[in-house]
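**Student:** Mind looking at a prediction? Sequence and model below.
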Amino acid sequence: VYTYQLGIALPLHMLARLFSGATIGQLDFLAQCVNAALGIAGAGVLAALAQELLDRRAASATLLLYIASLPTLLFAQFVYNINLMILLGAGAMLCFARYVRTGRVGFGLAYAALAGLATVAKPNAEIVLLALLICALLHGWANRDMKIVYTPLHGTGVILVPASLRKFGFRNIITVKEQNIPDGNFPTVVSPNPEERATMKMALDLAAKEKADLVLATDPDADRIGVAIPNENGEYILLNGNQTCALLTYYLIKRWSDLGRLDGKQYIIKTIVTTGLINRIAEAFGVKCFECLTGFKYIAEIIREHEGKMQYIGGGEESFGFLAGDFVRDKDAVSACSLAAEAAAWARTQGMTLYDLLKDIYVKYGFYKEAMVYIVRKGKEGADEIKKMMDDYRANPPKTIGGSPVITIKDYLSSESLDVRDGKRSTIGMEKSNVLQFSTENNTIVSIRPSGTEPKIKYYFGICEKLPSKEQFDAVQQKLDKRLKELETELNLD
C-alpha cells in the first residue's frame, strides 16, 4: 500500500494539480479509486498486525473501527483522501499501543501525533500522504532488519541456512567467508564444534566488527546449532545448549499461547539430562513435557507414539540439538537457526534483546544453571574402572549432595525410581540405559552415565536459584557458579 501510494498515486495526483488535461485527470481518478480499494485491503493488514502484535480483541477493534467509517466514503469528494486518513489514524493508534506497550514511548508519541494530524486535518492529499510517508519511515526504522552473522564451519549449512533465513524474511545476513567453503579438514578451526568459543572466534570477531544482533553457527552436518547474543555491554555471550533449548522452547510455547493455539493437547520433549527450566516453562503454560533418554531417536519415538493424539510443539537436548515441529524426526539446525532469528526479532518487538528475554525467563521461572564434566579412562582397564564407578554409585549412593539431602534416586538400567524419604519404588517407563540420577531437596540434580561412543564417564549437574530481578543476575550467577564448582570438588572431579 505504501509503495503504491507514494510511488504512483502521489506523483499522479501532483501532476494532475499542476497540469490540466482529460487523460491525466482520468488517470488521477483511476489512481484514487485503486487507492480506496487498497485502503480497504489495508484494514485487513492492520487487523492481522493487531492480532500478531497485541491480541485478537485489538484486531477486532481495529477492523470494526475501519468498517464503521466506510459509510463516510459515500459522501467524500476525494474518496481516497478520507480513506487514507482513516487508515493512517487506525495504523497510528495501533503502532502507538505497540510501542508504548514495549517501552518505546518516543515512537508511540510520534505515531499518536500523526494520528492527531490525520484526524484534525481537512481531507488534503498532500498532508495525509506526507504524514503517511513519515509514518512509513518511522515504522521502517524502528523495525530495520536485524544483522545476523552466520558460519557453517566448513559444513553443509552454507546453502540451506542462509536460504531458510531469507525465506523467514531476514536479508541482512553476513557469513564468515573463510568458513563458507565445505572442507572436511576444517582448516580454520581445531574442532568444528559450535559449542566451543574457540571454534566460534571468527564469527564472534566478525559480529563485533559489524555490531551484529545475532550470531549463528551450525556443525558440519547442520544438525546442531550454536548461538551467541550481545549483552548490555555489547559483549557476545555464547549460549550453552540448555539456554538455547530453553529460549526456543519458551518462544514457541509463548507464541502458541498468544495466538490461542494451546488447548491442553500440546506437548514438548526434553532429554533427562536437559535443564529442568523447560519443565517449569511447560508447566506454567499447561503444556505436557515428556522426558526421554539422550538421543533424538527417542524424541522421534515419542512423536510417533502421539501422532493423531497430541500435537508436538518442539523439543531438544543439552547437546545443542533442537527440533521445532515434526517435519523431520531428528535434530535440525536449519530450522533451529531460523527459529532463533525469529525469536530474536520477536524479542525486539517487545523492546528486548534475546539476552534480556533469557533474564526475564529466569526471573519468572528460576535461574537454572547446568554443567557437564567428564573423566577419560582409556582401554580395557579404563572401561573396567568406569564400570566399577557405576557399580559403586549403585551400591553406595550419596546421602547428600551439596549439603542437601538426596530425595530421589533414578536407576535407568533397572528402570526403577526410589523415593528415599518413604522407600517407595516406581517403574520408569523408558528403555533401559546405564544412567543414574540423584535429585536433592534443594532441586539439585546430578546425572551420571558412561559415554556410548568414547572412553568417558559423564557427570551432568543441574542447580537452581531464585532470581528476584534482572539487576541481580550477575550476583546470582556467581553464586550458582560457586555451587557448581563445589559439586565438582565434592565428587572429586576438579
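**Tutor:** Yep, that arrived.
**Student:** isn't residue 337 right up against residue 149?
**Tutor:** No: assessed by C-beta atoms under 8 Å, residue 337 is found out of contact with residue 149, at 11.6 Å. For glycine as for every other residue, the C-beta is placed from the backbone atoms N, C-alpha and C.
**Student:** what touches both of the two?
**Tutor:** residue 216 (C-beta atoms under 8 Å, 6 or more residues apart in numbering).
**Student:** quick one: pLDDT of the spatially closest residue to residue 346 that is not a sequence neighbour?
**Tutor:** Taking C-beta to C-beta, 6 or more residues apart in numbering, and ignoring the residues beside it in sequence, residue 346 has residue 251 as its nearest neighbour in space, at 6.7 Å. Per-residue confidence at residue 251 stands at 97 (pLDDT).
**Student:** Can you say which helix or strand has residue 251 in it?
**Tutor:** helix 241-258 (DSSP states H and E).
**Student:** buried sites along that helix?
**Tutor:** Buried residues in helix 241-258, counting neighbours by 16 or more other C-beta atoms under 10 Å, are found at 241-254, 256, 258.
**Student:** Contacts for that helix next, please.
**Tutor:** Contacts for helix 241-258 (C-beta under 8 Å, 6+ apart): 55, 195, 225, 227, 239, 262, 266, 268, 270, 274-275, 277-278, 281-282, 285, 287, 313-322, 324, 336, 339-340, 342-343, 346, 354, 357-358, 361, 368, 370.
**Student:** From the chain's centroid, how far away is it?
**Tutor:** The chain centre lies 6 Å from the centre of helix 241-258; the measure is C-alpha atoms, centre = their mean, to the nearest Å.
**Student:** now swap in stretch 417-428 and tell me
**Tutor:** 37 Å.
**Student:** Report the buried residues of it.
**Tutor:** Buried, per 16+ other C-beta under 10 Å, within stretch 417-428: 417, 418, 420, 428.
**Student:** for it, how far is the first residue from the last?
**Tutor:** From its first residue to its last, stretch 417-428 covers 6 Å (C-alpha to C-alpha, to the nearest Å).
**Student:** before we move on, what about stretch 232-245?
**Tutor:** 22 Å.
**Student:** same deal with stretch 392-410?
**Tutor:** OK, stretch 392-410 end separation, C-alpha to C-alpha: 15 Å.
**Student:** From the rest of the structure, what touches that stretch?
**Tutor:** 411, 416-421, 428, 435-442, 444, 446, 448, 463, 483, 486-487, 490.
**Student:** could you give the mean pLDDT of that stretch?
**Tutor:** Rounded mean pLDDT across stretch 392-410 is 96.
**Student:** next one: stretch 311-323
**Tutor:** 96.
**Student:** how about the helices of the stretch 201-350 of the chain, start to end?
**Tutor:** 201-210, 241-258, 277-285, 296-305, 333-349 (DSSP state H, counting those that start in this stretch).
**Student:** ends of stretch 265-281, how far apart?
**Tutor:** OK, stretch 265-281 end separation, C-alpha to C-alpha: 16 Å.
**Student:** coming back round to it: pull the most distant pair out of the buried residues of helix 241-258.
**Tutor:** 241 and 258 (26.0 Å; C-beta to C-beta).
**Student:** My understanding was that residue 292 contacts residue 302; is that so?
**Tutor:** Yes: between residue 292 and residue 302 there is a contact at 6.0 Å, judged by C-beta under 8 Å.
**Student:** ok, and what's touching stretch 198-206?
**Tutor:** Under C-beta under 8 Å, 6+ apart, the answer for stretch 198-206 is 149-151, 153, 174, 176, 178-179, 188-194, 197, 212, 215, 217, 226, 228, 236, 238.
**Student:** quick one: buried residues of it?
**Tutor:** In stretch 198-206, counting by 16+ other C-beta under 10 Å, buried: 199, 200, 202, 203, 204, 206.
**Student:** Name the nearest of those relative to residue 168.
**Tutor:** residue 203 (19.4 Å).
**Student:** quick one, what contacts the nearest residue to the closest one once chain neighbours are set aside?
**Tutor:** What sits nearest to residue 203 in space, not counting adjacent residues and going by C-beta to C-beta, 6+ apart, is residue 151, at 4.3 Å. By C-beta under 8 Å, 6+ apart, the contact set of residue 151 is 175, 176, 179, 200, 202, 203, 216, 217, 218.
**Student:** try 10 Å this time
**Tutor:** Residues near residue 151 by C-beta atoms under 10 Å, 6 or more residues apart in numbering: 157-158, 161, 174-180, 188-189, 192, 194, 199-200, 202-204, 206-207, 215-218, 226.
**Student:** Filter these down to just the buried residues.
**Tutor:** By 16+ other C-beta under 10 Å, those give 157-158, 161, 174-176, 179-180, 188-189, 192, 194, 199-200, 202-204, 206-207, 215-218, 226 as buried.
**Student:** Narrow the residues you listed to those in strands?
**Tutor:** Among the buried ones among the contacts of residue 151, the members falling in strands (DSSP state E) are 174, 175, 215, 216, 217, 218, 226.
**Student:** Could you dump those residues into TSV with pLDDT and distance to residue 400 added?
**Tutor:** Below are those laid out as TSV (pLDDT from 0 to 100; distance: C-beta to C-beta, whole Å):
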residue	pLDDT	distance to residue 400
174	95	50
175	97	50
215	98	41
216	98	42
217	98	40
218	97	42
226	97	36
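**Student:** got the CA positions of stretch 322-332 in CSV?
**Tutor:** Extracted as CSV, the C-alpha positions of stretch 322-332 are listed here (Å, rounded to 0.1, in the frame of the first residue of the first chain):
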residue,chain,number,x,y,z
PHE,A,322,16.6,-28.8,18.7
LEU,A,323,13.6,-29.7,16.6
ALA,A,324,10.6,-27.5,16.1
GLY,A,325,7.6,-29.2,14.6
ASP,A,326,7.6,-32.8,13.4
PHE,A,327,8.6,-32.3,9.8
VAL,A,328,11.8,-34.1,10.4
ARG,A,329,12.5,-36.7,13.1
ASP,A,330,16.0,-35.6,14.1
LYS,A,331,17.7,-32.6,15.4
ASP,A,332,17.8,-29.9,12.7
